[in-house]
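>>> Could you look at this predicted model? Sequence included:
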Amino acid sequence: MPAADKRRIGRGIVAIIFLPRPFVGGPVSRRVTEEIDVAWSTSELATLAGTTVNTIRHYHRLGLLEEPDRRYNGYKQYETLDLVRLLRIRRLAELGVPLSRIKELSTGSPEALHQVDVDHAAAIERLEKAGRASRPF
């Protein structure tokens, strides 16, 4: 098994990179220690998240996503943390959570997310009961 090297990518995200082991008696391979810089434009972020640029702009207007820093050329520069936030917003929206509620959940507190889970479990139970009641014997 090759040796593992942990590297920071973006803000707080760590990638594990496997390096070959030096063979016995051979030269020791040098580890590369430069930091990997990850930055995406709005269109690149949209592609990665499976959404559109207009959706990202809409999330900015609603305050769901913070405006990122800009590059020297004026383009927005999204980092890994922005992608994670966008994916969380998209997943909650897919689960039927209204965008106004997602904004409340942006603090990421476990209690708030647990309440979403409880609400969804109750909705599933109501739908199952309604389905059983409407079926003929």
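Yes, it's here.
>>> Could you pull out the buried residues of stretch 96-115?
97, 102, 105-106 (16 or more other C-beta atoms under 10 Å). From N, CA and C alone the C-beta is placed, and that goes for glycine too.
>>> and the end-to-end length of that stretch?
In stretch 96-115, first residue to last residue: 14 Å (C-alpha to C-alpha, to the nearest Å).
>>> Give me the contacts around it.
62-64, 85, 89, 92-93, 116, 120 (C-beta atoms under 8 Å, 6 or more residues apart in numbering).
>>> can you check stretch 46-63 too?
Taking C-beta under 8 Å, 6+ apart as the rule, stretch 46-63 contacts 40, 42-43, 45, 65-67, 83, 86-87, 89-90, 99, 103.
>>> For that stretch, measure first residue to last.
One end of stretch 46-63 to the other measures 17 Å (C-alpha to C-alpha).
>>> Could you number the chain from 79 rather than 1 from now on?
Will do, 79 is the new start, and the previous item becomes stretch 124-141.
>>> gap between stretch 173-185 and the chain center?
Relative to its chain's centre, stretch 173-185 lies at 15 Å (C-alpha atoms, centre = their mean, to the nearest Å).
>>> Tell me which stretches of this structure form strands.
81-87, 91-97 (DSSP state E).
>>> re earlier: show me which pair in the contacts of stretch 124-141 is furthest apart.
Using C-beta to C-beta, the two most remote members of the contacts of stretch 124-141 are 121 and 181, lying 24.1 Å apart.
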